[in-house]
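Trainee: compute the structure for the input listed below.
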Amino acid sequence: MDRSENDPEIKLEQLRASGRYVPPSKLKSLIDNIHKNEDTVEFQKLEWEKLGKKINGSINKLSKQNIKSIVVDLFELNLNRGLGVLVKSLMKAQSEALAFSPVYASLVSVLNSKIPKIGELLISRLVLQFKKSYKSNNKKLCVSSTSFLSHLVNQQVSHEILILQIIYLMLNNPTDDSVDICCSILKQVGLLLTEFSSSATFEVFEKLRRILQDGNIGKRSLYIIEGIFNARRSGFDEFPVIPEGLDLVEESDQIMHKISLDDKLKANDLLNSFEFDPEYYEHEEEYDSIRKEILGESEENEENEENEENEENEENEENEENEENEENEENEGYEEYEDDKNDELVEDNRKEEDQIGDLEDKDDAKKTLEIKDMTDTNLTNFRKTIYLILKGSMSPDEAVHKLLKLGVKFDDEPKVVDMIIKACSQETTYSKYYGVTGEKLALQSKSWSQAFKELFKENYEVMHRFESNQLRNISKFWGHLLSSGALDWDILSVIKLTEKDTTSAGRIFIKFVFQELVEDLGISNLQIRLDEEYLRPYLEGIFPVESKDDIRFSINYFTAIGLGILTEGMRENLQKLIDSQNYSRGRSRSRSLSRSTSGSSRSRSYSRSYSGGRSRSAVRDRSYSRSPPRRRDSFSRSPIRRTNNYSEPNTLTASNHKSRSRSRTPPRYKNIPNLRSRSPSPVRNRSRSRNFYEESLSSSRDNQYRGRFSENDRTVSHYNSYRRSDGGSGKSYRGRSSADYYRHVNRR
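Mentor: Numbering: from 1, shown residues only. Below you'll find the model as predicted:
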């Protein structure tokens with residue numbers, strides 16, 4: 001059927017197609033002119049657009065204060081028809097304002113109690129959105145989806161199994177983002193999970209504890225995990241299940257949907273767009289009946305009452321304004337008088353308050369001066385509190401949380417550290433509970449780290465006061481702090497590993513510290529750490545560089561405790577020092593030898609010049625002493641032949657060298673019958689015999705006997721034999737001079 005151009009429906013379609021702005025008045029007139037036939041597409045589409053605008057407007061105006069009125073406004077609309085628009089608007093608004101997630105969840109809880117389709121569709125779309133964002137690594141959508149689902153679980157719209165599945169999925173392959181999302185979920189829904197599914201929640205926190213101990217994620221994530229553990233210890237006081245003012249549905253009216261991640265869900269995106277409804281009128285009547293059940297007639301009565309109250313309030317306001325005007329005219333004259341009085345009263349009150357304050361300050365000062373605690377009860381109670389915290393905590397995290405909750409002052413931090421060390425020393429065996437507690441405290445701030453450094457120095461200085469068991473526990477405690485990186489390694493500069501500077505207790509302390517470092521880091525990583533350049537100045541006391549004695553002591557010490565591999569650098573350094581010292585000694589010896597050889601050459605030249613005018617025999621003697629021995633002077637035991645003349649070379653050879661055996665037949669001397677001669681000995685020290693003979697010739701005491709040597713050559717051999725004996729008694733008598741010999745001959 002042909003339709004004229006003046007038809008309002010055609011005009012409306014043309015305006016929409018053109019995209020031009022249509023003023024509301026013109027749009028309203030066109031809509032009113034349209035024939036209100038519910039079977040037409042145009043009418044249903046207009047109603048659909050109106051419905052969508054009203055739903056979006058109500059959701060955008062939602063707040064904690066007007067949630068009740070927004071609920072009523074939404075129930076007046078046909079939510080069965082606008083179901084998709086409502087859910088889409090809720091998800092969009094919540095993703096843009098995560099802080100209002102509890103408010104949106106409370107609204108959904110109220111709507112779901114009357115229309116369960118709303119909650120089911122919303123949860124299905126949130127789960128599908130989470131899966132999609134999880135696969136595409138979209139953290140923002142993951143956070144918004146999980147946050148909305150967490151608050152829906154708190155409102156009992158969704159079952160807690162869904163949120164537990166999401167948490168386990170996040171912790172299956174922990175990353176910084178997954179741990180962050182998991183901890184945010186636990187903050188929002190942790191209190192409810194501990195009440196309804198404590199065992200599953202315990203496993204979740206155990207997984208987080210293992211992640212925290214492994215430390216394979218970033219520091220920010222580790223701090224977030226520590227924060228969720230702190231919230232758990234405090235009972236989630238800062239994160240209630242349902243905030244105040246948002247618990248609007250009774251437990252009997254709540255409807256819970258059991259949807260899991262494994263379910264096959266549908267988003268029903270067709271509900272977001274317009275569809276022609278051939279049974280439009282019937283569906284509208286159905287929802288009218290639902291609206292009456294939800295709102296009832298009481299709502300209309302309430303509206304009438306509100307209108308009447310508004311009219312009465314307007315009349316009362318007019319009457320009150322008239323009365324106030326009359327009173328203001330009467331009281332204008334009295335205002336100035338009352339103001340003056342008030343000023344005087346205020347000044348008097350100030351003076352009295354100042355006087356009272358001065359008196360109170362004086363009384364407080366007297367009290368503070370009078371009270372003095374001479375028994376240190378506060379210190380004793382403080383130490384007792386710390387000891388009870390350490391003994392009563394189930395884990396190091398709990399102990400550190402309680403210690404920090406005490407609000408310890410800066411001056412009292414060393415006392416806390418001292419109590420931790422003393423409690424550790426009292427254990428029968430070393431417990432890493434104290435080491436981890438100290439580690440977490442030392443990482444809190446620089447003041448705590450400085451307190452631990454001061455206590456390390458004090459402990460090392462008084463290490464001899466501890467027993468062997470206490471010494472071992474304390475050493476392992478400090479070794480753990482060093483290996484974990486809680487303390488800087490510059491504190492090791494206090495230790496000097498020398499025989500003078502260490503005691504037996506100190507050496508035991510060093511032994512257990514390094515053994516703990518090897519246990520935690522491994523020998524290779526420890527060696528790499530010790531070889532770092534910036535640590536070398538602080539480790540010169542333990543691994544010396546200059547003194548050879550200190551280096552040897554350190555090498556022997558570490559070898560004895562089974563850590564000789566750490567001394568390879570010291571061994572090389574020690575060898576270099578020894579080589580350099582040997583080189584310097586060799587140079588000094590060569591200089592001394594050159595000086596001695598030059599002196600001996602000068603002495604030889606002097607002896608030759610002095611004895612140059614003597615007999616030819618003396619010359620032959622000197623020449624022979626420089627030549628190698630002849631074969632006739634070999635070491636034989638045969639007796640010496642009798643000859644009238646003794647050759648000078650034979651005489652010198654026999655007199656200047658030791659013989660290996662005595663001759664079997666004594667020489668025949670008329671003057672000295674008891675003297676024995678020796679067979680020639682191998683040439684060992686000719687220079688000595690020659691020097692002695694020359695000294696005997698050059699001696700001033702023997703000048704008077706020189707003539708006798710030239711008279712009888714046999715006397716020389718006799719004289720040499722005399723030097724080797726005492727003249728027949730058999731006693732050794734070396735070193736005698738020629739004068740002693742001739743006195744002996746004259747006596748005989």
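
Trainee: any idea which helix or strand comes after the strand or helix carrying Lys140?
Mentor: Using DSSP states H and E, Lys140 sits within helix 139-154. Using DSSP H and E, the helix or strand that follows helix 139-154 in sequence is helix 160-172.

Trainee: okay, angle between the helix or strand just after that following helix and helix 139-154 too, please.
Mentor: Per DSSP H and E, the first helix or strand lying C-terminal to helix 160-172 is helix 176-196. Angle, helix 176-196 to helix 139-154, by axes from the mean of the first three to the mean of the last three C-alpha atoms, to 10 degrees: 0 degrees.

Trainee: ok, and for helix 176-196, which residues are buried?
Mentor: Residues of helix 176-196 classed as buried by neighbour count (16 or more other C-beta atoms under 10 Å): 178-194. For every residue, glycine as well, the C-beta is placed using N, CA and C.

Trainee: thought Ser145 was touching Phe130?
Mentor: Yes: using C-beta atoms under 8 Å, Ser145 makes contact with Phe130 at a distance of 4.0 Å.

Trainee: would you map out the domains in this protein?
Mentor: 26-155+288-296, 384-542, 649-747 (automatic domain parsing).

Trainee: reformat those domains as TSV; add mean neighbour count, distance to Gly218 and mean pLDDT.
Mentor: TSV is the format used below for the domains of the chain (neighbours: other C-beta atoms under 10 Å; distance: least, C-beta to C-beta, whole Å; pLDDT from 0 to 100):
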stretch	mean neighbour count	distance to Gly218	mean pLDDT
domain 26-155+288-296	18	14	88
domain 384-542	17	15	89
domain 649-747	15	85	46
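
Trainee: and Ala200, which of those domains is closest to it?
Mentor: domain 26-155+288-296 (13.1 Å; C-beta to C-beta).

Trainee: is Asp259 located within a helix, as I assumed?
Mentor: Wrong residue type there; residue 259 is Ile, not Asp. No: under DSSP: H, G, I helix; E, B strand; the rest coil, Ile259 falls outside any helix and is assigned coil.

Trainee: number of nearby residues for it?
Mentor: 19 (other C-beta atoms under 10 Å).

Trainee: please apply the same query to the one 4 residues further on.
Mentor: Residue neighbour count, defined by other C-beta under 10 Å, stands at 10 for Asp263.

Trainee: distance check, the nearest residue to it once chain neighbours are set aside against Asp262.
Mentor: Leaving out its chain neighbours, the residue that sits closest to Asp263 by C-beta to C-beta, 6 or more residues apart in numbering is Val127, at 7.9 Å. Val127 sits 10 Å away from Asp262, going by C-beta to C-beta, to the nearest Å.

Trainee: also Met91?
Mentor: 22 Å.

Trainee: so where's the stretch 251-400 of the chain uncertain?
Mentor: Along the stretch 251-400 of the chain, segments meeting pLDDT under 70 span 297-376.

Trainee: 80 instead, please
Mentor: 277, 296-377 (pLDDT under 80).

Trainee: please verify my assumption that Val157 contacts Val110.
Mentor: No: checked against C-beta under 8 Å, the pair Val157 and Val110 is beyond contact range at 10.1 Å.

Trainee: just the helices in the stretch 451-600 of the chain please.
Mentor: Applying DSSP state H, counting those that start in this stretch to the stretch 451-600 of the chain gives helices spanning 468-484, 504-521, 523-530, 548-560, 568-610.

Trainee: export those helices to CSV and append columns for distance to Asn216.
Mentor: Formatted as CSV, the helices of the stretch 451-600 of the chain follow (distance: least, C-beta to C-beta, whole Å):
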stretch, distance to Asn216
helix 468-484, 15
helix 504-521, 17
helix 523-530, 17
helix 548-560, 33
helix 568-610, 33
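
Trainee: which residues of this structure fall in strands?
Mentor: Here the chain has no strands by DSSP state E.

Trainee: now Leu517: how far from Ser289?
Mentor: 79 Å.

Trainee: go on, Lys132?
Mentor: Using C-beta to C-beta, Lys132 is found at 38 Å from Ser289.

Trainee: same thing with Lys54?
Mentor: When distance is defined by C-beta to C-beta, Lys54 is 20 Å away from Ser289.

Trainee: same question, Glu282
Mentor: Counting by C-beta to C-beta - Glu282 and Ser289 are separated by 11 Å.

Trainee: report the set of residues contacting both of those two.
Mentor: Counting by C-beta atoms under 8 Å, 6 or more residues apart in numbering, Glu282 and Ser289 have no common neighbour.

Trainee: grab the nearest non-local neighbour of Ile565.
Mentor: In space, Ile565 is closest to Ile523, 6.2 Å off (C-beta to C-beta, 6+ apart).

Trainee: no no, Gly190
Mentor: Nearest to Gly190 is Phe236, by C-beta to C-beta, 6+ apart, at 5.3 Å.

Trainee: isn't the one you found right up against Val189?
Mentor: No: in terms of C-beta under 8 Å, Phe236 does not count as a neighbour of Val189; the distance is 9.5 Å.

Trainee: quick one, helices of the stretch 201-350 of the chain?
Mentor: 219-233, 280-294, 298-370.

Trainee: buried stuff in the first one?
Mentor: To tie it back to what came earlier, the one meant is helix 219-233. 221-222, 224-226, 228-233.

Trainee: and that helix, average pLDDT?
Mentor: Taken as a whole, helix 219-233 carries a mean pLDDT of 91.

Trainee: what's that helix in contact with?
Mentor: Here helix 219-233 has contacts from 176, 179-180, 183, 186-187, 190, 194, 205, 208-209, 211-212, 215, 238-239, 397-398, 401, using C-beta under 8 Å, 6+ apart.
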